[in-house]
Every structure is written in C-alpha cells, then in structure tokens.
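Asks: whatever this is, show me its structure:
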Amino acid sequence: MSAGVRVATFDIVDNITVIVAPALDAKTGVIVTAPVQFGNDKGIQRTIEITQDYIKQQPLVNGQVYYYAVTAYSYDPQWNTPGSLFAAPFPSLESAPLVITAEPTAPSPGSRIFGAFGDTLVTTHDVASGAKSDGIVYPIVVQPDKLTGHTYSITFDTAGGKVTWSLTDKNTGNVLLSKQTAQTGNPSDFLSADGVMPVLIGAPNGFKDFEEVANANGPHASTYGAFAFNSSGFPDEVDANNPDASGGPTPDPAGGKWGIETGETGSGFSYSNFLSRVERNDDFTRTVPYDFELRFTAAGGEAFTAFTDSKMIHVPFELWNIGIGTPNDPSDDVRLIPWINDVNGDDVFNLDGVDHSISGGDNDPETDWIYWENPTDMTPGHSGYDAWVAAGDGTTGVGKEVMARMVLVNWNGGSVSATNFPNNVNEQLPAAGTVFRILTTKPNRIADSYTYTTTAPSYSVATAQADVNKINVFPNPYYGMNTSETNRLNKWVRFSHLPPGATIRIFNLAGILVNTLPTTDATSTFEDWNLRNSNGLPVASGIYIAYVDIPSLGKTKILKLAIVQEEQILPTY
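Replies: Predicted coordinates:
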C-alpha cells in the first residue's frame, strides 16, 4: 500500500473530511498526530472511470495488468470522549485491502461495442391512466461490454405504503432489481444491472401551475391564475397568452385581474410564504398528485364560516378535486367542502376590505379566506358534498383538509380606503363561468412505467477477418527489456488483437521453427512469448518471423520481430 497512489476517496456527506489520529513517526519513533484519511464530503460513488496509470502518469496500456486496492474506513466521533462507554482507541479504522486486477483490452476481433462509459440511454415514459408523472429516468452506461441488446422496464409498487420500483428484463422476464426506493437522481444511490445504472429522479412535491381556464365568456386557452411579480417564485411566472402581464393574470371581460394568493398577514407575497400557509408548512401529502378547480357558477353552493360564527352560508363558487392529470374527464371529479374565514364577519363571501401586499398602494382587495376540505365520502361526483350539506352543522361529513388560507386578489382593482368601497372596485368577485385550475406535480406511481433498450456488442466473421490486420506484437523491437517485466528472468513480448483459434509459430531468418505458442481461446486477445525456443533456452538476438495462422477465419498474418538480448549470464555451470 505504501508504494501505491491514491486514486479516489468516496465518503458520505457528513461534514467530516480530513481525519487525524495518533500515529507512529517511523523516523523518530515518536507518537504524533497526523492525517490518516482524506475525505471529500461528496458522497459515495459506485462507479469510477480510470483512463491513466497513476503511478507512471501515463495513459493505460492495453494488455498491461494493473492492480487496485479498495478499502473501507470508519469514523468514531466519540473516540476520545472521556468516560464514553463506546469510545474507540482511534478515530478511524480501515479494512484490509481488497485487491482487484484489471487488464485493459480492445474488443475481441470481429466485435464492436456500441456506447461508452457514461453514455445516457433514451427512455420511453408510459402511463396506464391519468397523467404521466413528472419524474425522470436516465439510464447510465457503466459497463459497455455487458450490454445485452434487451429491453428493460421500470415499474412501481406501493406495497407497505412506500413507493418502490423494480427493473425487469422484458426479454427474459427476470427481475434484476426489486423493491428499490431511491429516486434522488444521485448516481451513488443506485445499483447497476447488465452494464446499466438506471438513475431515477422523483418529482418534487409542489404546485406545477395556477391557471384561469374560463371566464364569463366561456372556456379559453389557459392564462396565468396567480401572481409572480418580482420573481417571487410562483411557477409559470410569465403568462404565454399575455406576455405583457409581468407575471400577473389576464384581465377578465369586466376588467378584473384575479389571481390566487394567501390571505394577507403582513408577511409578503412570496411563493415560500404561500406554501407555508396554504400547504401548512409545505405538507403536500394533502394535495399531490391531484389537481383542483375553483369554479364560479350561477348556482354556487354552501360553505361553513368555521372561524367566525359557525354558520352555513351561500357562496358563488364550487370546489372540486378533478383527479390526477385528467382535467377533461369529469368521471373522477369529487366536489369538496368550502370552509370560510369570514374576515369582516358579515356572513357573506365577498371582498374583506383588506389590501393585499401583492403590489404597492391600497388597491389590491382580497376575498375572504377559503379552506378546501375533503368530504368523508370521496365517491366521484357530489354525494359526499350533498351529505355534508344535508347534515347542516358544517362539521359532520368533513374529512381531511386539503388547502388552507387561500384568497383571490383583484390586482389594482380599486382602493380599499375609498368611502364607497367595495362599489369602487372594477369587479367585486369573478363572474359566473370563471374557473381557476390548480395543477400539482405528479410523482412516480403504479400507473407509470419507463422502458429503455440497450445495444449489444456485435460480431461478424467479415469484421473479424478485417481485424486480422490489427494483430501486432510489442515491444518491437525488444531492446534488452520490457518495461512491464518483473525480473530479469521473466522476459516476454506480447501479441495483441488475436482472435480465438490463432496459432503463432516463431521462425528465424533461416526458416527454422523456433517455437510454437499455444492456440488462443476466447478468454484473451493476448498471447505472450517468453523469448525462449521450444527447448526452453533463451533465443539469440536477431530478426524473427511470427506466422499467425487462423484457420477458423481462413486468414494468416506475418509479423517481423527484432530482438536484442542483454548479455546472457547462466545461473549454473
């Protein structure tokens, strides 16, 4: 190990990098404190690409055997804590090295490998029903020579209440990876199979868009339905249908610019504030993966003033859960229950007289606060809502809260300080027919599946015959030594790019057969000659002819090899 060179260190992200420990100074015999480990705090990595000889500081050489040692080390933060029951004598222990050998080589003659380490394969994302998830899968090639040419699928399961995924070879039906949980996008968290590491990125929980999809004139191309001034973080900050809106909603026919926000508390209009209040500290388990609509209708519906005088009141809108990515399919829509914070206490859903901080001035009036509640009966349609209305007390038939503290704001609609407020506002509420749609991100789920196909290495006889021209021998000339030789008695040259079934015969210039090397098999494309004749004696310096015969391909190759031997010293007399 002392003669080795450290290639890389991978350690968990824990803010611990260099570890120092008591160590013996070999020169002085004194115990000193010295670094023993050098972490980088970048996380564990399961693959590494090595392209150079770190000892000789040169590119790797085909046919050269390289030796690598892999160890694991630990860290005990309490190692020197007085009185600690579990204190260790040293802060770090390191395992014995696991030695791995590697021999770079070109593809076997006749073979072609498609792809390289680090390539990303194309995936197809399918969904059985609803919308596709917002997740991403990118398979990374880590062993190009192991690719099979098969098609693989990634599917999901929710058994045990936790989303897991499996990788299946669709050609064989074999499950290669099962019950995997990682969806971090960090390659260090993933395993590989058949030369590919499938890396998954699960969609982060959040809102994907706020839209107005209809107004008093009927349905229209979706426009922005929230506020995102000053880069406040709301998704889809620019309204493609109204690029001059500077992140604000498109005016309705009556002139009102209505957008979704959270009730004014003096804490600003940033997206982070919106999430903390509407989603109660970003608890998206209540909303994701469903989509929702707030519909202003002629009939309206009932609401409960849960935070003031606990009355059932009539409101001009309806709340709906519209399913998972199926806005045009009403069969899975569920009508939800509105609870109201009647800020001005007048038992009417209306503008509450508070100016929202969405812009300067006092002309951005907001409505009373809306709380979205599930009915206990979540059967598609309005049966759960109807049962809640029939109960009449506002609480019977109410299930889990979905969203809270939501308001609609009329941007620059009229001053809340005017003596004739709210009659001075250009539109006191959105008109019947107005529909606001709230879209959430879609995590990977059972309905989703991903597929990708690899390209296997190819082989053809014609290519193998053409590759005969690549057969070579090195070093050539052999001048007294080979830099890869381990001692003066272990001398050799190496023939490369050999196909299976090749026989090499060595002749001197007089045409006398000097030696015949073993016939090659499929395990290696290399064959070494120890520079000895068939009797095991070293050959003399000179020019030699290597005749490579490959009957299986109907090909031969002739090489000339120059050998300059060092002075021979016989070990015995």
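Asks: return stretch 35-47 as PDB; C-alpha atoms alone will do.
Replies: Taking Å, rounded to 0.1, in the frame of the first residue of the first chain, the C-alpha atoms of stretch 35-47 are listed here in PDB:
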ATOM      1  CA  PRO A  35      -3.900  12.900   9.000                       C
ATOM      2  CA  VAL A  36      -4.900   9.300   8.300                       C
ATOM      3  CA  GLN A  37      -7.900   9.800   6.000                       C
ATOM      4  CA  PHE A  38      -8.700  12.400   3.300                       C
ATOM      5  CA  GLY A  39     -12.400  12.600   2.600                       C
ATOM      6  CA  ASN A  40     -14.000  15.000   0.200                       C
ATOM      7  CA  ASP A  41     -17.600  15.100   1.600                       C
ATOM      8  CA  LYS A  42     -19.100  14.500  -1.900                       C
ATOM      9  CA  GLY A  43     -20.900  11.300  -1.200                       C
ATOM     10  CA  ILE A  44     -20.500   7.600  -2.100                       C
ATOM     11  CA  GLN A  45     -19.800   6.700  -5.700                       C
ATOM     12  CA  ARG A  46     -20.400   3.200  -7.100                       C
ATOM     13  CA  THR A  47     -18.500   3.500 -10.400                       C
END
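Asks: list the contacts of that stretch.
Replies: 6, 8-21, 23, 73, 75, 91-92, 94, 117, 142, 186-188, 190-192, 197 (CB atoms under 8 Å, 6 or more residues apart in numbering). All C-beta spots, glycine's among them, are computed from the backbone N, C-alpha and C.
Asks: go on, stretch 342-352?
Replies: Contacts for stretch 342-352 (CB under 8 Å, 6+ apart): 263, 303, 305, 307-309, 311, 313, 315-317, 340, 353-354, 365-369, 410, 416, 421-422, 425, 428-429.
Asks: switch the cut-off to 7 Å
Replies: Here stretch 342-352 makes contact (CB atoms under 7 Å, 6 or more residues apart in numbering) with 303, 305, 308, 311, 313, 315-316, 340, 353-354, 365-369, 422, 425, 428-429.
Asks: which ones among the contacts of stretch 35-47 lie within strands?
Replies: Using DSSP state E, V18, I19, V20, A21, A23, M197 are the members of those that sit in strands.
Asks: make TSV from those and add neighbour count and pLDDT to it.
Replies: Formatted as TSV, the ones in strands among the contacts of stretch 35-47 follow (neighbours: other CB atoms under 10 Å; pLDDT from 0 to 100):
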residue	neighbour count	pLDDT
V18	10	89
I19	19	86
V20	13	86
A21	17	83
A23	14	78
M197	17	97
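Asks: could these go into TSV alongside distance to G233?
Replies: Converted to TSV, the ones in strands among the contacts of stretch 35-47 look like this (distance: CB to CB, whole Å):
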residue	distance to G233
V18	38
I19	40
V20	43
A21	46
A23	51
M197	33
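Asks: for PyMOL, write the select line for the buried members of the contacts of stretch 35-47.
Replies: This is how PyMOL selects the buried members of the contacts of stretch 35-47, with burial counted by 16 or more other CB atoms under 10 Å:
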select buried, resi 11+19+21+75+91+92+142+187+188+190+192+197
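Asks: relative to V213, how far out is the closest residue to K470 other than its chain neighbours?
Replies: Leaving out its chain neighbours, the residue that sits closest to K470 by CB to CB, 6 or more residues apart in numbering is H497, at 4.2 Å. Using CB to CB, to the nearest Å, H497 is found at 65 Å from V213.
Asks: and these two? Which one has more around it.
Replies: H497 (23 against 17; other CB atoms under 10 Å).
Asks: list the contacts for the residue positioned nearest the centre of the chain?
Replies: Geometric centre of the chain, nearest residue: G185, 2.0 Å, by CA atoms, centre = their mean. G185 makes contacts with V199, I201, as judged by CB under 7 Å, 6+ apart.
Asks: and it, how far from F117?
Replies: G185 is 19 Å from F117, by CB to CB.
Asks: which SSE is D549 in?
Replies: strand 542-550 (DSSP states H and E).
Asks: quick one on the thing from earlier: measure the residue nearest to K470 to F474 for me?
Replies: Separation of H497 from F474 (CB to CB): 11 Å.
Asks: now the nearest residue to T434 once chain neighbours are set aside: which helix or strand?
Replies: Closest residue in space to T434, ignoring its immediate chain neighbours: F296 at 4.4 Å, by CB to CB, 6+ apart. Taking DSSP H and E as the definition, F296 sits inside strand 292-304.
Asks: surely the residue nearest to K470 touches D467?
Replies: Yes: between H497 and D467 a contact is recorded at 6.4 Å, counting by CB atoms under 7 Å.
Asks: now do the shared contacts for these two.
Replies: Counting by CB under 7 Å, 6+ apart, the common neighbours of H497 and D467 are P109.
Asks: quick one: pLDDT of the residue nearest to the centre of the chain?
Replies: Looking at G185, its pLDDT reads 92.
Asks: gap between the closest residue to P91 other than its chain neighbours and A21?
Replies: Closest residue to P91 apart from its sequence neighbours, by CB to CB, 6+ apart: W79 at 4.3 Å. Going from W79 to A21 by CB to CB gives 8 Å.
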